[in-house]
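# okay, here's the prediction I keep looking at, along with the sequence it came from:
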Amino acid sequence: MALIEIRNLGKEYRSGGETVAALRGVDITIQAGEFITVMGQSGSGKSTLLSVLGGMNHPTSGEVEMAGIKLYQLPGEKLADFRAENLGFVFQSFHLIPYLTALENVMLPLAIVKMKTPAKRAVARQALERVGLGGKLDRLPNQLSGGEQERVAIARAIVKNPRILLADEPTGNLDSRTSEEVMALLRELNEAGQTVVMVTHNPENGIYSHRTITLKDGKVYPSGIS
C-alpha cells in the first residue's frame, strides 16, 4: 500500500467575489521511502498542495490518505495529533527562536512528549549530530550561518522521527553552495529511509529526488511524473 494517496484533490479560494482554483483534480501516489520533488511556477499550486498534505489546509474536494488514514476525515484534535506524530516540516524561513540555542530549538517538538528532560536533550543532540551540527549545540541562531540554521530546522523536523518530511523551498534563502549541502543532507536522510516531499522552484534540486511532479495552473502536468 502506498504511504500517500492523493485522489482528485481540489482546493478553491474566494477572492474579490471570484472563486480561484488553486488545485484541480490532482492525483498523486507516493511510496514509503521516496524522495519527491514538486515543481511549478509561482501560482501553480505547489505550496497549496504541500499545506494540504501537511494537514493544515482542508481541501475543497477529493481526499488525502496517509498510512491508510483519510486525513481530512479526522476530527480537528485527532488531525493535530496525526500531524504531530507523522509529519515533519521544513520551511524556507527557518522559524528558529532567536533566544534559544540550537539544542533548545530542536527540543521544541518534544515539549508535548512524555519524556524526561535529559532524554529529550539526548534525542535532540542525536538529531543535530545527524545533520552535522553536533559541535554547535549551544550556539544561538545568530551565531550560525544560513546553512547551519537550515540544518537546525531540519534537525527539529526529524527529531520525532516522522514518517514524512515536508519541505517548502528549503534552499530558497541560501546561496548555491549551501543549497547543494542542504540538498545532499536531504538525500542522505532519504537514503536512510526518510520519505521526503519537497516543493521547489529550482530545477537543479530535482536531481536529488527520485522523481519530479510538475504542477501548472493547479493541475499535474503533463503526466505528473518525469
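Great, that's in hand.

# measure the spatially most central residue of the chain to Ala119 for me?
Residue closest to the average C-alpha location in the chain (CA atoms, centre = their mean): Leu166, at 1.4 Å. Note on Leu166: its distance to Ala119, by CB to CB, to the nearest Å, is 26 Å. Every residue, glycine included, has its C-beta placed from N, CA and C.

# I figured the residue nearest to the centre of the chain hits Gly88, correct?
Yes - between Leu166 and Gly88 there is a contact at 7.0 Å, judged by CB atoms under 8 Å.

# can you pull out the strands in this structure?
Using DSSP state E, the strands of the chain run over 4-15, 18-30, 35-39, 61-66, 69-70, 87-90, 164-168, 195-200, 211-216, 219-220.

# and among the ones you listed, the most buried is which?
strand 195-200 (a mean of 25; mean count of other CB atoms under 10 Å).

# please identify the pairing partners of it and their relative orientation?
Here strand 195-200 is paired, per DSSP bridges, with strand 35-39 (parallel), strand 164-168 (parallel).

# dump those strands to a markdown table, plus mean pLDDT and distance to Met56.
Listed next are the strands paired with strand 195-200 as a markdown table, based on pLDDT from 0 to 100; distance: least, CB to CB, whole Å:
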| stretch | mean pLDDT | distance to Met56 |
| --- | --- | --- |
| strand 35-39 | 96 | 16 |
| strand 164-168 | 95 | 10 |
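
# quick one: closest of these to Gly16.
strand 164-168 (25.9 Å; CB to CB).

# chain center to the closest one, what's the gap?
1 Å (CA atoms, centre = their mean, to the nearest Å).

# with stretch 190-199 instead?
9 Å.

# do me a favour and average the pLDDT over it.
In this model, stretch 190-199 has an average pLDDT of 95.

# got the CA positions of that stretch in CSV?
What follows is stretch 190-199, C-alpha atoms only, in CSV (Å, rounded to 0.1, in the frame of the first residue of the first chain):
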residue,chain,number,x,y,z
ASN,A,190,16.1,9.9,2.4
GLU,A,191,18.7,7.1,1.8
ALA,A,192,18.4,6.3,5.5
GLY,A,193,14.7,5.7,5.0
GLN,A,194,13.0,9.1,5.4
THR,A,195,10.2,9.8,2.9
VAL,A,196,10.6,13.4,1.6
VAL,A,197,8.2,15.6,-0.3
MET,A,198,9.8,18.9,-1.3
VAL,A,199,8.4,21.9,-3.1
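
# contact partners of that stretch?
If you take CB atoms under 8 Å, 6 or more residues apart in numbering as the criterion, stretch 190-199 is touched by 3-4, 30, 32-39, 46-47, 49-50, 53, 158, 163-170, 186, 189, 205, 209.

# Thr200 pairs with what?
What pairs with Thr200, by the bridge criterion (DSSP bridges), is Met39.

# and the gap between it and Met39?
6 Å.

# which neighbours do these two share?
Gly206.

# tell me which of the strands paired with strand 195-200 sits nearest to Lys11.
Across those, closest to Lys11 is strand 35-39 (CB to CB), at 14.3 Å.
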